[in-house]
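Engineer: Kindly generate the corresponding structure for this input.
(2 chains)
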Protein chains: 2
Amino acid sequence: MKTALVTGASGYLGGHVARRFLAEGWRVVALVRPGSVLPADLAGRVLRADYDGTQASAERAFACAPVEVVAHLASAVIGVHARDQVDAILDANVRFPVHLLEAMRHGSCKCIVNTGSFWQHCNSDNYAPVNLYAATKKAFEDIAQAYVANDGLRICTLVLFDTYGADDPRKKIVRLLVEAIDSPASLAMSPGDQILDLTHANDVAAAFVVAAGHLLRDRHEGQRFMVTGERVSLRDLVARVAQLADRPPHVELGRRPYRDNEIMNPISSLPPLPGWRREHSLDEEIRAMLSDRERIR
Amino acid sequence: MKTALVTGASGYLGGHVARRFLAEGWRVVALVRPGSVLPADLAGRVLRADYDGTQASAERAFACAPVEVVAHLASAVIGVHARDQVDAILDANVRFPVHLLEAMRHGSCKCIVNTGSFWQHCNSDNYAPVNLYAATKKAFEDIAQAYVANDGLRICTLVLFDTYGADDPRKKIVRLLVEAIDSPASLAMSPGDQILDLTHANDVAAAFVVAAGHLLRDRHEGQRFMVTGERVSLRDLVARVAQLADRPPHVELGRRPYRDNEIMNPISSLPPLPGWRREHSLDEEIRAMLSDRERIR
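Structural biologist: Numbers count the residues shown, from 1 in each chain, chains lettered A, B, ... in the order given. The predicted structure is shown next:
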């Protein structure tokens, strides 16, 4: 039985990644903050370890079980940061994962699947961070290279885009549009020509397990891959929801300006992850949300 | 009167940079750790501000005087880190300068001259960190790009190589060779074919003032420049010291292996800093050290 240490398992994507490892027969160590609550279905099936901000607590997590691979999903995702959030962003997105690398340097687990963000590539194939969050993701990738060069660590980074799922508690775009069908108030939106790349959480989860397998077989070390879903403009997504619902959602396209640094066209120049393909369809998931929307309300 | 905020002024290079700004008529705010001691000749001539690890203390430093430009020299330089040094490296090389950027984001000073290291380029024109120190330097450069993109900050990075000076208290190579002339024990060295790039501390200091001027005139934002001195192999440097001293230093070339990640040929593909040129000669400085070596011993 192989063991994966998953960070962020108390969050939406990390939880799905933990479930996928379990479903494929892995043991899972969920490394979370002391106050974090694991989803009820996971709590009894994973080994929980607490990260209290110290390197020692990161090292202890690897002592729970013979960890073979780390799936690093945890992060502080903050679109526009306030001045009092800088330390929290640095702690979560740089210090914490560097503590993991340092623990791996001294231990037997040498493989880590890291999470990147399309926000690291604002309308550019190169590094062009949308915000401090994206910049700290890149900073961690930079630092990891020292551990790769000197300590035999193997890393690959899965660059994620927008994600969705009928069970997603986050107020993300697909959910907002479905809710806007029955909502009396209308949703103010930008003109809507930006392309979204929408990947189902289960597809993301599968990608992490595939990537873990690659690293364990010494393949694709140091590479960055896109985990890309369906690409659709916001305007077309609104039309799609309208068509599937037989009623338009209450949205006003063009009511808001684009954000500064709006990503109009997400990066598409990274290679796709070998051995992985998308299995979920946006239309199906929208239909599921629609038929479920009585409950949602 | 313009004002520069200098970090690392309690150290060798930072001290020279502070002196150079003063000599060119600038006011200097020296931002140092509470326990740090400024060189005696500087203490009365600069405004001292203490950075206690908090963002608030970084912000207070900018309130001492109307700072126009930051010269960021402070760093935790650690060749091979121990596991208990990770936090100190991250704090000094990432968190501290990000606190500066955040203070600049909310204040009127928008220009920062940053210090890079040739250790970020281990036998490669691209990023290839020798160690965690070098990786954290790169991480900071990448985080700074978010502030450049979103907050109008202007940064340029001076990539430094080995530095020297007759007044250098650090046990660096030129000093060690001069001391080895009179030393009874012999100095065990690698075979000596690695190329060193040796720049005088005063030349480094001049480069920071030149770069500050560029940024204030809106020139060279976002660029990285080499501040390069004389390039000589370690073997030839030994011969040069022997020739100038009329006696060989007691060294054994080939007694030690090269280090892992030894830089055999420092990066030379970066552009030189416009408007700056080297003024000090290695031979002259070696002669000064030789004539001064009674005092050195």
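Engineer: so who does A:Gln194 touch?
Structural biologist: Contact partners of A:Gln194, counting by CB atoms under 8 Å, 6 or more residues apart in numbering or on different chains, are A:Ser233, A:Leu234, A:Tyr258, A:Glu262, A:Ile263, A:Met264, A:Asn265. For glycine as for every other residue, the C-beta is placed from the backbone atoms N, C-alpha and C.
Engineer: ditto for A:Arg19
Structural biologist: By CB under 8 Å, 6+ apart, the neighbours of A:Arg19 are A:Asp41, A:Leu42, A:Ala205.
Engineer: burial of the last one, as a residue count?
Structural biologist: Neighbouring residues of A:Ala205 were enumerated by other CB atoms under 10 Å in any protein chain shown; the total is 26.
Engineer: still on that earlier bit, filter the contacts of A:Gln194 down to just the ones in strands.
Structural biologist: A:Ser233 (DSSP state E).
Engineer: Check the contacts of A:Gln194 for burial and list the buried ones.
Structural biologist: Neighbour counting by 16 or more other CB atoms under 10 Å in any protein chain shown classes A:Ser233, A:Leu234, A:Ile263 among these as buried.
Engineer: out of those residues, who's nearest chain B?
Structural biologist: A:Ile263 (12.5 Å; CB to the nearest CB).
Engineer: my guess is that closest one contacts A:Asn123, does it?
Structural biologist: Yes. With contact defined as CB atoms under 8 Å, A:Ile263 counts as touching A:Asn123 (6.0 Å).
Engineer: Could you let me know which of the buried ones among the contacts of A:Gln194 ends up closest to B:Glu68?
Structural biologist: The closest of the buried ones among the contacts of A:Gln194 to B:Glu68 turns out to be A:Ile263 (CB to CB; 33.9 Å).
Engineer: Quick one: the contacts of A:Arg19 as TSV, columns for pLDDT and secondary structure too.
Structural biologist: What follows is the contacts of A:Arg19, written out as TSV (pLDDT from 0 to 100; DSSP: H, G, I helix; E, B strand; the rest coil):
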residue	pLDDT	secondary structure
A:Asp41	96	helix
A:Leu42	97	helix
A:Ala205	98	helix
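Engineer: Relative to chain B, which of the residues you listed is nearest.
Structural biologist: A:Ala205 (28.2 Å).
Engineer: domain parsing for chain A?
Structural biologist: Per automatic domain parsing, the structural domains of chain A span A:3-163+A:197-227, A:165-196+A:230-268+A:279-296.
Engineer: rewinding a little: now the contacts of A:Gln194 as JSON lines including pLDDT?
Structural biologist: Below are these laid out as JSON lines (pLDDT from 0 to 100):
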{"residue": "A:Ser233", "pLDDT": "98"}
{"residue": "A:Leu234", "pLDDT": "97"}
{"residue": "A:Tyr258", "pLDDT": "96"}
{"residue": "A:Glu262", "pLDDT": "93"}
{"residue": "A:Ile263", "pLDDT": "95"}
{"residue": "A:Met264", "pLDDT": "96"}
{"residue": "A:Asn265", "pLDDT": "95"}
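Engineer: and of the contacts of A:Gln194, the nearest to A:Arg27?
Structural biologist: Nearest to A:Arg27 among these, with distances taken as CB to CB, is A:Ile263, at 37.5 Å.
Engineer: quick one: contacts for the closest one?
Structural biologist: A:Phe118, A:Trp119, A:His121, A:Cys122, A:Asn123, A:Val130, A:Gln194.
Engineer: Now do it against A:Phe118, distance only.
Structural biologist: A:Ile263 sits 7 Å away from A:Phe118, going by CB to CB, to the nearest Å.
Engineer: how close does A:Leu196 sit to A:Phe118?
Structural biologist: On the measure of CB to CB, A:Leu196 and A:Phe118 end up 10 Å apart.
Engineer: intersection of neighbour lists for these two?
Structural biologist: Common neighbours of A:Leu196 and A:Phe118, counting by CB under 8 Å, 6+ apart, are A:Phe161, A:Pro266.
Engineer: doesn't A:Glu279 make contact with A:Val210?
Structural biologist: No. Using CB under 8 Å, A:Val210 is not in contact with A:Glu279; the gap is 11.9 Å.
Engineer: between those two, which one's more packed in?
Structural biologist: A:Val210 (21 against 9).
Engineer: what about A:Lys137, how many residues close to it?
Structural biologist: Neighbours of A:Lys137 (other CB under 10 Å): 24.
Engineer: Which pLDDT value goes with it?
Structural biologist: Looking at A:Lys137, its pLDDT reads 98.
Engineer: That one - that's part of a strand, no?
Structural biologist: No. According to DSSP: H, G, I helix; E, B strand; the rest coil, A:Lys137 belongs to no strand; its state is helix.
Engineer: Go ahead and confirm it touches A:Leu90.
Structural biologist: No. A:Lys137 is beyond contact range of A:Leu90, at 11.7 Å (criterion: CB under 8 Å).
Engineer: residues near A:Arg217, how many?
Structural biologist: The number of residues packed near A:Arg217 is 9, by other CB under 10 Å.
Engineer: Now name the helix or strand holding A:Phe225.
Structural biologist: Element membership for A:Phe225 (DSSP states H and E) is strand A:224-227.
Engineer: is that strand up against chain B anywhere?
Structural biologist: No. Using CB under 8 Å from any CB of the partner chain, strand A:224-227 stays clear of chain B, with a minimum separation of 13.9 Å.
Engineer: what packs against that strand?
Structural biologist: strand A:154-160, helix A:201-216 (3 or more CB pairs under 8 Å, 6 or more residues apart in numbering or on different chains; DSSP states H and E).
Engineer: Ok, which of the ones you listed comes nearest chain B?
Structural biologist: Nearest to chain B among these is strand A:154-160; the distance by CB to the nearest CB comes to 12.6 Å.
Engineer: Tell me if the closest one is near chain B.
Structural biologist: No. Taking CB under 8 Å from any CB as the criterion, strand A:154-160 and chain B are apart, separated by no less than 12.6 Å.
Engineer: what about that strand, distance to the chain center?
Structural biologist: Relative to its chain's centre, strand A:154-160 lies at 11 Å (CA atoms, centre = their mean, to the nearest Å).
Engineer: Next, the angle from that strand to helix A:201-216.
Structural biologist: When axes from the mean of the first three to the mean of the last three CA atoms, to 10 degrees is applied, the directions of strand A:154-160 and helix A:201-216 differ by 160 degrees.
Engineer: Give the partner strands of strand A:154-160 in its sheet and their orientations.
Structural biologist: Its sheet considered, strand A:154-160 pairs with strand A:111-117 (parallel), strand A:224-227 (parallel) by DSSP bridges.
Engineer: most tightly surrounded among the ones you listed?
Structural biologist: strand A:111-117 (a mean of 24; mean count of other CB atoms under 10 Å in any protein chain shown).
Engineer: List the contacts of that strand.
Structural biologist: For strand A:111-117, the external contacting residues (CB under 8 Å, 6+ apart) are A:13, A:68-73, A:75, A:97, A:100-101, A:104, A:133-134, A:137, A:140-141, A:144, A:153-160, A:208, A:211-212, A:215-216, A:224.
Engineer: Give me the contact list for stretch A:73-80.
Structural biologist: So stretch A:73-80 is in contact with A:6-9, A:11, A:13-14, A:17, A:31-32, A:85, A:88-89, A:91-93, A:96, A:115, A:131-133, A:137, A:208, going by CB under 8 Å, 6+ apart.
Engineer: Please indicate which of these are buried?
Structural biologist: A:6-9, A:11, A:13-14, A:17, A:31-32, A:89, A:91-93, A:96, A:115, A:131-133, A:137, A:208.
Engineer: Among the residues you listed, name the ones in strands.
Structural biologist: Using DSSP E, the buried ones among the contacts of stretch A:73-80 in strands are A:Val6, A:Thr7, A:Leu31, A:Val32, A:Thr115.
Engineer: The third one touches A:Ala49, doesn't it?
Structural biologist: Yes. Judged on CB under 8 Å, A:Leu31 makes contact with A:Ala49 at a distance of 4.9 Å.
Engineer: could I get the strands paired with strand A:154-160 as TSV with mean pLDDT?
Structural biologist: Listed next are the strands paired with strand A:154-160 as TSV, based on pLDDT from 0 to 100:
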stretch	mean pLDDT
strand A:111-117	98
strand A:224-227	98
